[in-house]
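Undergrad: Fold the stuff below for me.
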Amino acid sequence: MKRNFYNLVKGKFLISDDSLKNWRFIIFLSVLALIMVASSHSADKKVHRIAQLNNEVKELNSQYVDVRMQLMQLRFESRIISVMANRGLAPSETPPQKILINSED
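TA: Model (predicted):
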């Protein structure tokens, strides 16, 4: 057993007569390792992209809430009256009157 361990450490399994099957297995394991590393990097890129998109969604949602709040404030009647007063317009003192038209058939 000690001799087998020394042969393994010295790499005799790579240069012996039946080393072709060992080399095939080593190349196969190397390819699997490369695929695993590539898959891991791809998953990491996707996780970072998802985090970036989540941050963008939060930012856009915040902007939407801010703009909606500004719009609601602009729609108040008192705000409209004050803006129109700056332009020289004022609300009417007399209420509107309803005009009725009788149609004669």
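Undergrad: Quick check: residue 94 vs residue 17, distance?
TA: To residue 17, residue 94 is 114 Å away according to Cβ to Cβ, to the nearest Å. All C-beta atoms are positioned from the backbone trio N, CA, C, and that covers glycine.
Undergrad: now swap in residue 61 and tell me
TA: Counting by Cβ to Cβ - residue 61 and residue 17 are separated by 69 Å.
Undergrad: Who has more neighbours out of those two?
TA: residue 61 (10 against 5; other Cβ atoms under 10 Å).
Undergrad: Does that one fall in a helix, a strand, or a coil region?
TA: helix (DSSP: H, G, I helix; E, B strand; the rest coil).
Undergrad: cool, and the one 5 residues further on?
TA: State at residue 66, reduced to three classes by three-state DSSP: helix.
Undergrad: next one: the one 4 residues further on
TA: Assigned state for residue 70: helix (three-state reduction, three-state DSSP).
Undergrad: Give me the number of neighbouring residues for it.
TA: When neighbours are counted by other Cβ under 10 Å, residue 70 comes out with 10.
Undergrad: Could you do residue 13 as well?
TA: 15.
Undergrad: what do you get for residue 22?
TA: Counted with other Cβ under 10 Å, residue 22 comes out at 14.
Undergrad: next one: residue 64
TA: Neighbour tally, residue 64, other Cβ under 10 Å: 10.
Undergrad: quick one: residue 51 from residue 41, how far?
TA: 16 Å.
Undergrad: can you check residue 86 too?
TA: With Cβ to Cβ as the criterion, residue 86 and residue 41 are 60 Å apart.
Undergrad: One more: residue 81?
TA: Taking Cβ to Cβ, one finds residue 81 at 61 Å from residue 41.
Undergrad: Which residue, other than its chain neighbours, is closest to residue 23?
TA: residue 14 (7.0 Å; Cβ to Cβ, 6 or more residues apart in numbering).
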